[in-house]
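*Asks:* What follows is a predicted structure for the sequence shown.
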Amino acid sequence: MTIAAAESPFAVRSSSPVTLGRTLAALPQPVVFDELMAAPLVLRHKDVSAALRDSATFSTSFYAMPPMESAMIALNGPEHMRQRRIHNRFFNPVASARYADRVAVVAEKAVAKLAGRSSAELVDDLIARYPMAVFLDLLGIPDELGDQGLAWVRAVVAMLGSPMNTELVEPGQRAYREISAYVDTLIDVDDPADNLLGDVIRAHVDEGGFSVGACTTAAVSLLLGGFETTIQMMSGTLASLLLNPSAFAEVRADHARIDAAIEEAFRWASPSAGLYRLVTEDTSIAGTDLAAGSMVYLCIASAHYDSDAYPDPLSFDLDRRAAHLGFGLGPHYCAGAPLARIEVRAAVSALLDAFPSLRLDSSRPPAFHYGARGFVQHGTETLSVLL
């Protein structure tokens, strides 16, 4: 089955975040070719999960282009495991929890800028700059990086998300070189600071893998991985609550329910529509042959609406126990997932504390679509609310 580009579910805009996943999950075949995505889409939860775990056959090695060939996302095997071990020293749940108090302060400052207003467009007014503010604080990077840092990150993330778009490669590679050169100047092995960047340096020293370049690559990877996905993760969580009043009432009454809302929102309104992988050897998925050297798209949005994995998938259920695939699975599971959760939890909590009557502005509904804000994420560019 082939879906023409003009008919692709990835070309649709909707006021509901469920439309993309619901439409894809309803397709009658488990693998279809989508001309807009220029790859076969793997749609069923069991097949997507299996492929994500099998990084030898479904590889991320296509990211290994200069200057990113040493980045963890581009690696597999022993070197990937070594870098993963280093990252886990400063980015596991216990280690990340140490940053929670600092993140909460950043969130409160960001939300405080909305004080005295009766309405807001949350993406531009709050969410879009918040992840960068968090990382500037945690990495001890001066605020002067500001808009230049955002421009660098946007260029690199655009390149990573569309690996087959040659127009994005040169500006993305240039931005990666420039942001790396900037971070190089902040690496001080003789006196590492008491912050996340210092933790990165100490982890590399302790594991016997210190070099300025290795620490810079790790720090830049944190900036890239924690940028746009976190923006849409936060937008999706807030939109999910605003569109599901009964769940929102539970979270308002008990902020401990925020964690459950984040997890379900990452399924119900997932920013991670899917992930490209390079097929390294001839194989097949659900009876569809895939040739070595071809690309395949593992469709997380569809997997999240597979009723075999998530009973009653259209419902936003705070008590759902099945784990989502929003952070990936297997060897390339997102190393920054614990911190991303902390960031979203802090922002949602601060927003509800400051504006307990927060509600959607029905006159300006959101528009969810693939490619929101110019990236290969599924989300909305606006989230208008009454405060």
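*Replies:* Nice, I can see it.

*Asks:* which residues touch stretch 351-370?
*Replies:* 10-17, 19-20, 111-112, 114-115, 119, 121, 126, 238-239, 242-243, 251-252, 255, 269, 273, 376-387 (C-beta atoms under 8 Å, 6 or more residues apart in numbering). C-betas here are computed from N, CA, C, even on glycine.

*Asks:* filter those to the buried ones?
*Replies:* Buried by 16 or more other C-beta atoms under 10 Å: 10-11, 14, 16-17, 19-20, 111, 114, 126, 238-239, 242-243, 251, 269, 273, 376-381, 383-387, out of the contacts of stretch 351-370.

*Asks:* how about the strands of the stretch 151-300 of the chain, start to end?
*Replies:* For the stretch 151-300 of the chain, the strands defined by DSSP state E, counting those that start in this stretch occupy 275-279, 283-285, 288-290, 295-298.

*Asks:* now the stretch 1-150 of the chain
*Replies:* 2-3, 31-34, 39-42, 58-59, 119-121.

*Asks:* Any buried residues in the second one, and which?
*Replies:* With burial defined by 16+ other C-beta under 10 Å, the residues of strand 31-34 counted as buried are V31, V32, D34.

*Asks:* So for that strand, mean pLDDT?
*Replies:* For strand 31-34, the mean pLDDT works out to 98.

*Asks:* likewise the third one?
*Replies:* Confidence over strand 39-42 (mean pLDDT, whole number) is 98.

*Asks:* Tell me which other helices or strands it touches.
*Replies:* strand 31-34, strand 295-298 (3 or more C-beta pairs under 8 Å, 6 or more residues apart in numbering; DSSP states H and E).

*Asks:* tell me which residues in it are buried?
*Replies:* A39, P40, L41, V42.

*Asks:* Closest to D289 out of those?
*Replies:* P40 (9.8 Å; C-beta to C-beta).

*Asks:* The closest one contacts L290, correct?
*Replies:* Yes - P40 is within contact range of L290, at 6.7 Å (criterion: C-beta atoms under 8 Å).

*Asks:* highest average neighbour count across the strands of the stretch 151-300 of the chain?
*Replies:* Stretch with highest mean neighbour count among the strands of the stretch 151-300 of the chain: strand 295-298 (a mean of 23; mean count of other C-beta atoms under 10 Å).

*Asks:* quick revisit: need the residues touching each of P40 and L290.
*Replies:* Joint contacts of P40 and L290 (C-beta under 8 Å, 6+ apart) are V296.

*Asks:* need the next SSE after whatever helix or strand D353 lives in, C-terminal direction.
*Replies:* Element membership for D353 (DSSP states H and E) is helix 337-354. Using DSSP H and E, the helix or strand that follows helix 337-354 in sequence is strand 359-360.

*Asks:* Now that next one: average pLDDT?
*Replies:* The average pLDDT within strand 359-360 is 96.

*Asks:* Name the strands paired with it and say parallel or antiparallel.
*Replies:* strand 384-386 (antiparallel) (DSSP bridges).

*Asks:* Check what contacts the strand it pairs with and list those residues.
*Replies:* 118-122, 242, 357-361, 363-366.

*Asks:* Quick check: M132 touching L150?
*Replies:* Yes - with contact defined as C-beta under 8 Å, M132 reaches L150; the gap is 5.8 Å.

*Asks:* When those two are compared, which one has more neighbours?
*Replies:* M132 (22 against 15; other C-beta atoms under 10 Å).

*Asks:* still on that earlier bit, what's the ChimeraX syntax to select whichever of the contacts of strand 384-386 are buried?
*Replies:* Buried residues within these, by 16+ other C-beta under 10 Å, are selected in ChimeraX with:
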select :120,122,242,358,360,361,365,366
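
*Asks:* on that earlier part again, in helices only, show me the contacts of stretch 351-370.
*Replies:* T19, L20, V111, A112, L238, A239, L242, L243, V251, R252 (DSSP state H).

*Asks:* can you pull the contacts of the fourth one?
*Replies:* The one in question is A112. A112 neighbours (C-beta under 8 Å, 6+ apart): A354.

*Asks:* same thing with T19?
*Replies:* With C-beta under 8 Å, 6+ apart, T19 has these contacts: P9, V12, F368.

*Asks:* how about 10 Å then?
*Replies:* Applying C-beta atoms under 10 Å, 6 or more residues apart in numbering, we find T19 in contact with P9, V12, R13, A301, F368, H369, H378.
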